[in-house]
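**Student:** here's a sequence, model it:
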Amino acid sequence: MLSEIQKELPKPTPEQYNKETLFNLLYHDIDGYQIAQDVEKVLESEGTYTLSITYGEINFEAFQTLLSKLCDSPNSTFYDLGSGIGKAVFAAALLGPFQKLVGIEIIKPLHDVAVQVKSQFDKEMNQNPDRVQFYNGDLFDFDFSDGDVIFSATTCFSYQSMVNLSKKVACMKKGAKIVTLTNQLENVDGLFQLIEWSRMVYGNSLNLTYFIYKRL
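**Tutor:** Residues are numbered from 1 along each chain as shown. Predicted coordinates:
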């Protein structure tokens, strides 16, 4: 995919890449929305579709601005809970100082795409293949207490899912930050401080509210 696009171009070093250009090349021929739509049709036919698994994607520039507010430690760990085809994870890998980045996605076809892109990303960046990791499963079954930054696009989460997420992130270490979209954490007084909320571009045209919390 990416290598075919670059056959006619001189091979740049990783340092020479424009980060957004590389990001776009990684997903040049991948339509995450179409993949998600196909999955939704199957789940609807099975009667197992829920709004909480509704698909969405970050906007690279808006996400870059958000990341600048979250972390500057070179030894930090980033989690994306509901990572889809991996866009937030790879954007964070390109833009942030993270030593470890993990994406957790319950929908296997989306997860499989993220794994495919990771193979190309590792090759192009010549990096430690363990730096970026993806897992297929329910986010509530994973331990992400070592995270310094957690991002979760919770716009379509139910109230109960937000309650469950709030309980889950209570184990995060002091100083860690979590970002939610549209919906706020529940019953976290004394555990988290809401340090910022504002609007950000999400996907191609959405404008969503984000909330940044810091573990006390």
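**Student:** which of the three states applies to residue 128?
**Tutor:** Secondary structure assignment for residue 128 (DSSP: H, G, I helix; E, B strand; the rest coil): coil.
**Student:** state the distance from it to residue 113.
**Tutor:** Distance, residue 128 to residue 113, using CB to CB, to the nearest Å: 22 Å. Quick note: C-beta positions are derived from backbone N, CA and C, even for glycine.
**Student:** between these two, who's got more neighbours?
**Tutor:** residue 113 (21 against 10; other CB atoms under 10 Å).
**Student:** a helix runs through the more buried one, doesn't it?
**Tutor:** Yes. Looking at residue 113 with three-state DSSP, it is inside a helix.
**Student:** ok, residue 216 - contacts?
**Tutor:** Counting by CB atoms under 8 Å, 6 or more residues apart in numbering, residue 216 makes contact with 174, 190-193.
**Student:** let me know how buried the closest residue to residue 97 other than its chain neighbours is, in neighbour terms.
**Tutor:** Distance criterion CB to CB, 6 or more residues apart in numbering; nearest residue to residue 97, sequence neighbours excluded, is residue 74 at 4.4 Å. By other CB under 10 Å, the residues close to residue 74 number 9.
**Student:** what about this structure, any weak spots by pLDDT?
**Tutor:** 1-17, 49 (pLDDT under 70).
**Student:** mind doing that once more with 50?
**Tutor:** 1-10, 12-13, 16 (pLDDT under 50).
**Student:** in it, which spans are helices?
**Tutor:** 2-5, 19-26, 32-46, 60-67, 87-95, 108-125, 159-169 (DSSP state H).
**Student:** quick one on the thing from earlier: what subset of the contacts of residue 216 is buried?
**Tutor:** residue 192 (16 or more other CB atoms under 10 Å).
**Student:** from the contacts of residue 216, which ones fall inside strands?
**Tutor:** If you go by DSSP state E, the contacts of residue 216 have 192-193 in strands.
**Student:** could the contacts of residue 216 go into CSV alongside distance to residue 52?
**Tutor:** Shown next, in CSV, are those (distance: CB to CB, whole Å):
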residue, distance to residue 52
174, 29
190, 27
191, 23
192, 21
193, 26
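**Student:** max pairwise distance over the contacts of residue 216: which two?
**Tutor:** 174 and 190 (12.8 Å; CB to CB).
**Student:** what residues of stretch 90-100 count as buried?
**Tutor:** 90-96, 98, 100.
**Student:** then that stretch to CSV, C-alphas only?
**Tutor:** Extracted C-alpha coordinates of stretch 90-100, given in CSV (Å, rounded to 0.1, in the frame of the first residue of the first chain):
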residue,chain,number,x,y,z
PHE,A,90,-0.7,6.4,15.2
ALA,A,91,-1.3,10.2,15.4
ALA,A,92,-0.1,10.1,19.0
ALA,A,93,2.9,8.0,18.0
LEU,A,94,3.9,10.6,15.4
LEU,A,95,3.1,13.7,17.5
GLY,A,96,3.8,12.8,21.1
PRO,A,97,6.7,11.7,23.3
PHE,A,98,5.1,8.4,24.2
GLN,A,99,7.3,5.4,24.9
LYS,A,100,4.3,3.0,24.7
